[in-house]
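Novice: sequence first, predicted model second:
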Amino acid sequence: MTIRCRFAPSPTGQLHVGGARTALFNLLYVRNKGGKMVLRLEDTDVARSSKESEEAICSDLQWLGLDWDEGPNVGGPGAPYRQSQRLGLYRENVDALLKSGGAYYAWESSDELNAMREAAQGSVQGFRYSRQEYSDEQLAQYRDEGRTPVVRCSASPGDIVFVDEVLGEITIPASDLDDFIILKGDGYPTYHMAVVVDDHHMGVTHVLRAQEHLKNTARHLRIYDLLGWEPPKHGHMPLIFSMEGGKMSKRDKAKVARAAARANGHNPESLALLTGLPEDLLVRFMKKKDHGIDTAVAIANKLGVELPEIDVRDFRESGYLPEALVNFLSLLGWSPGGDREIMGWQETVDAFSLDRIVKTAAKFDREKLRWLNGVKLRELSVDELIERVVNYVEQWGGNLKGVDVSIVGPLISLYRERGQTLRELDDAVAWVFTAPTEYGPAKAIKKHILKGDSLERLSKIGAILGSLSEWSEVSVETALTAFTENECEGKMGKVAQPVRIALTGSPVSPSIYPTIVSLSQAEVVGRISACVQYFTDSSHN
RNA sequence: CACCCUAUCGUCUAGUCCGGUCAGGACACCAGGUUUUCAUCCUGGCAACACGGGUUCGAAUCCCGUUGGGGUGACCA
């Protein structure tokens, strides 16, 4: 039997890392078993679904290298792969359930339902819908009001017991289940109905999804049973937590922005002034009534705070490598056993199995991701890394955007070991394009510039470099080692550190010779004399 | 609050199913080495079986309870 798995996002926003991990595990399983991967868009929430979101999600999946064998735009035996294009099929099966008595029409409005929930607040178990009887007069009245009924599926009379591929035997007691909606008032199926019908018709053999769906599985199994279909196997994967514990969610961004605002002593009024956003929105935001990402981003930008990456897009923008994110994600809730961690795609595919998926939620440790990204960065050949950086700045901007490859190349190989992300690499190189206007830290300045005859020495070095007839790493090295031997008792630090400060503004940079020739001779001479000038001016020492 | 899931270093985890190197690796952190600075790299260190009962010659590993954590409780998926 061919194994078939699916990833079924709803196109209502960006691809979340949790979603990416779900897609990843499904694909790893499929590739390991030589099966087929299906991508299906669950766009039954008409109000929230969008084409842009669909494109963004597909783009991020592709960026991660998570491909699919069947899906929208590629087709396949289960086509179409957008639920909004499969309405007839759902309707058919809803009708079948209606006919067999497994489902029935329910006429309560959302408001009435909410009122019923409200009323059930105090009860031990909370609200559970139970089937209502309607008199002919009531029905007539509802129709006159223009109400459209929903269709509810009758709950299983007995406990739902199934063997989960990850968790083992799971029991959802009947007392926990109630009659759930399978067809909405707008004629669209709910998730429960659509998922079951599609998984069945698309030949899905294994449903691997997050543990938050555990109870939904009980509902889905009920539908399979009522329809007389063989259900697929289910496996529920552990959740991904933020470092604080709790599902990693978009709200984490709002949380960070709020904390930053408070730490800076802001109130809604001052925030409105700062961001130009309406004050009532900010009031709601700060009171945690609103968690808008745009609001969070606006505040963070003004305050210069980094928001935590949550969506795949965020990680892309921060300069992570797809292979690093994939490797990291594969280790969240799964391990190949033993001591293996740094793995390539095929190695991971070969090692993957459901019984090695962990049962407990994993916290998302960005520090480890950063480290892993650095490892993957250094695994790349220099040429490959250069290409990644060029593509990266092309898309997301940076100091190196539009800069000639003949300049980018040497710089990147210089910084290869000094950055964990593409963004950091680009940031690190900023000094090449902008001469320093100030120098620091103070302690280093004191030691390398102001102490003794340092400034005079720097001046001499400038003169020596300026007199070179050939501008190359070798000629610079020859000249400076000679100078070091003759005038600094061979102490390289006396030469390198002042030069670093003069050229970059800080005492930290890659090896000194390549650092020097990263700039033109004229630029080096200019920066050195500017530095000497700066500190000769008595106000700076 | 109810139900369900779950429990090894701060974090990700190996070991648990088939009890007998009481615990391995990695991130982070600390110390040292290499290095003209930084980084890379190398070496070493710190650090965990939630608790309480059982079962057993012997339990991280099996059973029960407690506590902790999380999920769910939509005409969202």
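Specialist: Here it is on my side, so go on. Numbering: from 1, shown residues only, chains lettered A, B, ... in the order given.
Novice: in the stretch 401-541 of chain A, what residue lies closest to RNA strand B?
Specialist: A:Ala496 (2.7 Å; C-beta to the nearest atom of the strand). Where you see a C-beta, it was placed from the backbone N, CA and C, and this is true even at glycine.
Novice: just the residues contacting stretch A:48-65, thanks.
Specialist: Residues outside stretch A:48-65 that contact it (C-beta atoms under 8 Å, 6 or more residues apart in numbering): A:7, A:9-15, A:19-20, A:23-24, A:39, A:41, A:43, A:67-68, A:72-73, A:84, A:311-313, A:316, A:322-323, A:325-326, A:345.
Novice: show me the residues you listed that map onto strands.
Specialist: The strands, defined by DSSP state E, take in A:Phe7, A:Leu39 from those.
Novice: of the contacts of stretch A:48-65, list those near RNA strand B.
Specialist: A:Pro9, A:Ser10, A:Thr12 (C-beta under 7 Å from any atom of the strand).
Novice: if you look at the residues you listed, which of them are in helices?
Specialist: Per DSSP state H, helices hold no members of these.
Novice: one step back: now intersect the contacts of stretch A:48-65 with the helices, please.
Specialist: Checking the contacts of stretch A:48-65 against DSSP H, those in helices are A:Gly19, A:Ala20, A:Ala23, A:Leu24, A:Val312, A:Arg313, A:Arg316, A:Pro322, A:Glu323, A:Leu325, A:Val326, A:Trp345.
Novice: now render these as a markdown table, adding neighbour count and distance to A:Ala298.
Specialist: Listed next are the ones in helices among the contacts of stretch A:48-65 as a markdown table, based on neighbours: other C-beta atoms under 10 Å; distance: C-beta to C-beta, whole Å:
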| residue | neighbour count | distance to A:Ala298 |
| --- | --- | --- |
| A:Gly19 | 23 | 25 |
| A:Ala20 | 25 | 26 |
| A:Ala23 | 27 | 30 |
| A:Leu24 | 25 | 32 |
| A:Val312 | 27 | 22 |
| A:Arg313 | 17 | 17 |
| A:Arg316 | 21 | 21 |
| A:Pro322 | 18 | 28 |
| A:Glu323 | 19 | 33 |
| A:Leu325 | 25 | 26 |
| A:Val326 | 23 | 31 |
| A:Trp345 | 15 | 38 |
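Novice: identify the farthest-apart pair in those residues.
Specialist: Maximum pairwise distance among those (C-beta to C-beta): 21.2 Å, between A:Arg313 and A:Trp345.
Novice: near RNA strand B, which residues of the stretch 351-500 of chain A show up?
Specialist: The interface of the stretch 351-500 of chain A toward RNA strand B, taken as C-beta under 7 Å from any atom of the strand, is made up of A:356, A:358-363, A:365, A:367-368, A:370-371, A:374-375, A:378, A:417-418, A:492-493, A:496-497, A:500.
Novice: so A:Phe162 sits in a helix?
Specialist: No: looking at A:Phe162 with DSSP: H, G, I helix; E, B strand; the rest coil, it is strand, so not inside a helix.
Novice: so for it, what's the pLDDT?
Specialist: As predicted, A:Phe162 sits at a pLDDT of 94.
Novice: just to revisit the earlier point, how close does the nearest residue to the residue of the stretch 401-541 of chain A closest to RNA strand B once chain neighbours are set aside get to A:Thr44?
Specialist: Among residues not flanking A:Ala496 along the chain, A:Ile512 sits closest, at 4.2 Å (C-beta to C-beta, 6 or more residues apart in numbering). Distance of A:Ile512 to A:Thr44, computed by C-beta to C-beta, to the nearest Å: 62 Å.
Novice: compare the two (neighbour count), which wins?
Specialist: Shown here are A:Ile512 and A:Thr44; by other C-beta atoms under 10 Å, A:Thr44 has more neighbours (23 against 20).
Novice: just say helix, strand or coil for A:Arg209.
Specialist: Under three-state DSSP, A:Arg209 falls in the strand class.
Novice: and the strands in the stretch 351-500 of chain A, which stretches?
Specialist: Along the stretch 351-500 of chain A, counting by DSSP state E, counting those that start in this stretch, strands occupy A:362-363.
Novice: show me the shaky parts of it.
Specialist: By pLDDT under 70, the stretch 351-500 of chain A has no low-scoring segment.
Novice: also chain A?
Specialist: A:538-539, A:541.
Novice: and the residue of the stretch 401-541 of chain A closest to RNA strand B, how many residues sit next to it?
Specialist: The number of residues packed near A:Ala496 is 21, by other C-beta under 10 Å.
Novice: relative to A:Tyr439, how far out is the residue nearest to A:Ala496?
Specialist: In terms of C-beta to C-beta, A:Ile512 sits 17 Å off from A:Tyr439.
Novice: over to A:Leu139?
Specialist: From A:Leu139 to A:Tyr439 the distance is 83 Å (C-beta to C-beta).
Novice: go on, A:Gly245?
Specialist: According to C-beta to C-beta, A:Gly245 and A:Tyr439 sit 44 Å apart.
Novice: looking at the two, which one has more neighbours?
Specialist: Ranked by neighbour count (other C-beta under 10 Å), A:Gly245 and A:Tyr439 place A:Tyr439 first, with 20 against 9.
Novice: return the backbone torsion pair for the more buried one.
Specialist: Dihedral angles of A:Tyr439 (phi, psi; degrees, to the nearest 10) stand at phi -130, psi 140.
Novice: show me where the stretch 151-300 of chain A has strands.
Specialist: Going by DSSP E, counting those that start in this stretch, the stretch 151-300 of chain A shows strands at A:160-164, A:168-172, A:180-183, A:206-210, A:233-237, A:240-241.
Novice: redo the ones you listed as a markdown table? Include mean neighbour count and distance to A:Glu55.
Specialist: What follows is those, written out as a markdown table (neighbours: other C-beta atoms under 10 Å; distance: least, C-beta to C-beta, whole Å):
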| stretch | mean neighbour count | distance to A:Glu55 |
| --- | --- | --- |
| strand A:160-164 | 15 | 34 |
| strand A:168-172 | 13 | 36 |
| strand A:180-183 | 23 | 29 |
| strand A:206-210 | 22 | 23 |
| strand A:233-237 | 22 | 26 |
| strand A:240-241 | 20 | 24 |
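Novice: put together CSV for those, with distance to RNA strand B on each row.
Specialist: Formatted as CSV, the strands of the stretch 151-300 of chain A follow (distance: least, C-beta to the nearest atom of the strand, whole Å):
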stretch, distance to RNA strand B
strand A:160-164, 8
strand A:168-172, 5
strand A:180-183, 4
strand A:206-210, 8
strand A:233-237, 7
strand A:240-241, 7
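Novice: can you redo these as a markdown table with distance to A:Glu487?
Specialist: Below are the strands of the stretch 151-300 of chain A laid out as a markdown table (distance: least, C-beta to C-beta, whole Å):
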| stretch | distance to A:Glu487 |
| --- | --- |
| strand A:160-164 | 75 |
| strand A:168-172 | 75 |
| strand A:180-183 | 85 |
| strand A:206-210 | 67 |
| strand A:233-237 | 66 |
| strand A:240-241 | 59 |
